[in-house]
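In: following is a predicted model, sequence given first.
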Amino acid sequence: MLFNYFTNNNFFDNYSGIENAILLHFSEIRGESEKQLQMHYHEHIEIFYFLSGQGFFVTPEKKYQVKPHDIIIVNANQLHTEYSLSKENALQHFIIGVDNINLFNTGALLPPKYKNVFHASFGTQNNPFYNYYQKLYEEFKQVNPSYILKSKAILIELLIDILRLLQIDTAEQKISSNAVVRTKEYIDKHFPEDFTLDDLAANVYASKYNLSRKFKETYRYSPMQYLSIRRIQEAKKLLRETDLPITEISGRVGFNQAVYFTKIFKSMVGITPHKYRITYESIRQY
C-alpha cells in the first residue's frame, strides 16, 4: 500500500533563510556573578538555556527573573546582561550565538512584546530545547566525526521549534484536537509528577489559555482539574487494593502534602481517604 504526502505551503515553509543560519559559538557558563555586569550587545542573536540557579536577565526596558529550564532569546543589537540571585545559587546556563538569521522578523505579525526578547519557562527538563542543548553539548565535547555538520542539523531543528514557540500567544492561534488528546495522554502517564499548565502548553506549542479552553470544551474539565481527577482516581484504587499508608498513597499519586491530599480527596469524593477505605472494606466484607 502506497501513501503519498505532499508539501503544504505555510508560514514555516515559506520562511526561507533558516537553513543559512550560522552557529557562531556554543558556550557553557557556570557560576555567573551575583553582581550585575555592564550591559552589552552582540551583532547576532543569542539563545540562552538556564540549567540551574536563580537570577535575572536585564535589558534597559525590562528585568526578567530566570530559573532552571527557562529559555531567553535576545535579538541582535539588544542591550542586556544577566546575573545570579546569590553566590550560593549561581546561574548555570548554555548560550548559542546564531548569525545570518532574524527570528524576530519573520513576517508572522508577532506580538509587540516579542520585538527583541523572548522569555519562556518550562519548569522541567521535559521540553525539546533541553534535549537540543544536551545534543549540542555532546557534539562539541566529544568532537565526533562530522560534528560540525551534525551541530548545524541540530541548530536547524532548534530554530524551527523556536519559530513555532514564538507563535503561541498570537490571537489567531488554534489548538488542534490532536494537541488536546496528547495533553490528556501526557497527564494520564505523568500524573504523579510535578508540572504546571505552562509545562503542558509548552509541550504542545500552545498558549495555556487556548489549551485550557479547548481541553475544557473536549473533556468538560480544565487540564489541571483533570489532573486532580486522575490523581484521585488512582488514590481510590490504591485505597481499595492495598494496605499502603495514606501518606504514602498521597505521595504516589502526586500530592506533596498529605493534608492537602485529604482536602482535595474530600472535596471530590465527599469523605476523607480514611473514611473511604473503611467504607469500602465494610462493603467488601458484607
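Out: Now that the structure is in, tell me what you want to look at. Numbering: from 1, shown residues only.
In: got the contact list for the closest residue to Phe48 other than its chain neighbours?
Out: If the residues on either side of it in the chain are set aside, Phe48 comes closest to Ile72, at 4.1 Å by Cβ to Cβ, 6 or more residues apart in numbering. The C-beta positions use only the backbone N, C-alpha and C, and glycine is treated the same way. Contact criterion Cβ atoms under 8 Å, 6 or more residues apart in numbering gives 47-48, 50, 57, 64, 66, 117-119 as the residues in contact with Ile72.
In: for Leu238, state which of those residues is nearest.
Out: Distance to Leu238, by Cβ to Cβ, is smallest for Phe50 among the contacts of Ile72, at 36.6 Å.
In: for the stretch 151-286 of the chain, which spans come out with low pLDDT?
Out: 167-176, 281-286 (pLDDT under 70).
In: related to what we said a few turns ago, I'd guess the residue nearest to Phe48 is in a helix, am I close?
Out: No: assignment of Ile72 by DSSP: H, G, I helix; E, B strand; the rest coil gives strand, placing it outside any helix.
In: show the contacting residues for the residue nearest to Gly254 when sequence neighbours are not counted.
Out: Sequence neighbours aside, Pro192 is the residue nearest to Gly254 in space, at 4.4 Å (criterion: Cβ to Cβ, 6+ apart). For Pro192, the residues meeting the contact criterion (Cβ under 8 Å, 6+ apart) are 231, 234, 252-254.
In: any idea how far Pro192 is from Ala179?
Out: The spacing between Pro192 and Ala179, counted by Cβ to Cβ, to the nearest Å, is 23 Å.
In: ditto for Gln65
Out: 28 Å.
In: before we move on, what about Gly53?
Out: Following Cβ to Cβ, the distance that separates Gly53 from Ala179 is 32 Å.
In: so which elements touch the helix or strand Tyr133 falls within?
Out: Assigned by DSSP states H and E, Tyr133 falls within helix 128-142. Other helices and strands packing on helix 128-142, by 3 or more Cβ pairs under 8 Å, 6 or more residues apart in numbering; DSSP states H and E, are strand 22-30, strand 45-52, strand 92-99, helix 147-165.
In: tell me the gap between it and the middle of its chain.
Out: 17 Å (Cα atoms, centre = their mean, to the nearest Å).
In: max pairwise distance over the contacts of Pro192: which two?
Out: Of all pairs drawn from the contacts of Pro192, the widest gap by Cβ to Cβ lies between Arg231 and Arg252 and measures 9.4 Å.
In: which one of these two has more residues nearby?
Out: Remark: of Arg231 and Arg252, Arg231 carries more neighbours, 22 against 15, as counted by other Cβ atoms under 10 Å.
In: pretty sure Ser151 sits against Leu23.
Out: Yes: the pair Ser151 / Leu23 is scored as a contact, 6.0 Å apart, by Cβ atoms under 8 Å.
In: list the contacts of Tyr280.
Out: The contact partners of Tyr280, by Cβ under 8 Å, 6+ apart, come to 239-240.
In: is it in a helix, a strand, or coil?
Out: Tyr280 carries the three-state label helix when classified by three-state DSSP.
In: distance of it from Ile246?
Out: Separation of Tyr280 from Ile246 (Cβ to Cβ) stands at 13 Å.
In: what sits in contact with each of these two?
Out: Contact criterion Cβ under 8 Å, 6+ apart; residues bridging Tyr280 and Ile246 by contacting each: Leu239.
In: ok, the residue minimising distance to the centre of the chain - contacts?
Out: Closest to where the C-alpha atoms of the chain average out (Cα atoms, centre = their mean) is Phe122, at 2.8 Å. Contacts for Phe122 (Cβ under 8 Å, 6+ apart) come out as 69-71, 129-130, 198-199, 202.
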